[in-house]
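Participant: Pasted the sequence and its predicted model underneath.
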Amino acid sequence: MPNTVAHKLDPHQLWASLEADPAWHDWQEGRMTPRQWHEHLTRRLGVAIDFAEFRGAWNGALDPVTILDDDLFAALGTRCRLALLSNTDPLHAEYLDRHFSFGRYFSARIYSCAVGLSKPSPAIYKAALDALGVAPADALYIDDIPEYAAAARELGIDAIRFEDSPQLIRELKARGLPTCRSPGSRLPGAS
C-alpha cells in the first residue's frame, strides 16, 4: 500500500482533514469543478488516481443504507411540502439524485454547491423557504448537526436536532405529523 497521507488517516481523521481544507467551502459551494477538486485533493493527499477512480471512491463514502425509511418521507409528503437542504458537492448531489430513492419525496432540493451557500448561513435556509413558498413559522427543519438546527431556530423555523429514528418519530408525533403511510404500516421507532 502506498505511503500517503490518505492511508495514514482513519476515515474520521480523513473527513476532518477534508473539512479543514482551505478549499473545502469552495468545493461545497460550487466554486470548484469536480475535476479541480480531484486535482487538488489527489495532490494534497499524495495519491495518484484518475478522475473515474476518484469519483467512485468519493461517492463510495456515501452509506448506501439510509437512516430513515422512505415510508416516513411518503407519510410526511401527504401533509407537507418537503425540501432537501444539504451541504454537499456536485459529485455527491448527482449521486444522491441517481441512487437514493428518498429524493422523490422532496419537491425542492437545495444543494450548497448549486446555490453557492452552505449551512449555517441564513441565506440557504431562506432559499429553502422560498423554494417551498412557506414562511419560517410554517416550516420544520430537521438536522443531525446542532449548529444547523440552531441556525434554523434563529430564523424562526421550528427545528429538530436528529439523534435517531425513535427520537425523530416522537418529535414528529408531538407536532401532529404523520409517521407512516397507513394505520397498518409502521416505521422503526414508531409505536
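Facilitator: On my side now, so go ahead. As the structure is a computational prediction, the values presented were derived from the model and not from experiment.

Participant: okay, which residue is most central for the chain?
Facilitator: Centroid check for the chain by CA atoms, centre = their mean gives residue 86 as the closest residue, at 3.8 Å.

Participant: separation between the residue nearest to that one when sequence neighbours are not counted and residue 78?
Facilitator: Nearest non-adjacent residue to residue 86, counting by CB to CB, 6 or more residues apart in numbering: residue 111, 5.5 Å away. C-beta coordinates here come from the backbone N, C-alpha and C atoms, glycine included. Taking CB to CB, to the nearest Å as the measure, residue 111 falls 25 Å from residue 78.

Participant: Which one's more surrounded, those two?
Facilitator: Neighbours were counted for residue 111 and for residue 78 using other CB atoms under 10 Å; residue 111 has more, 23 against 10.

Participant: which SS class is residue 160?
Facilitator: Recorded secondary structure, residue 160: strand (DSSP: H, G, I helix; E, B strand; the rest coil).

Participant: residues near it, how many?
Facilitator: 19.

Participant: What is the neighbour count of residue 100?
Facilitator: Neighbours of residue 100 (other CB under 10 Å): 14.

Participant: nearest residue to residue 105 other than its sequence neighbours?
Facilitator: residue 73 is the one closest to residue 105 (CB to CB, 6+ apart), at 3.7 Å.

Participant: sorry, that was for residue 171
Facilitator: residue 160 (4.7 Å).

Participant: where do the strands sit along the chain?
Facilitator: Assigned by DSSP state E, the strands in the chain fall at 83-86, 108-111, 140-143, 158-161.
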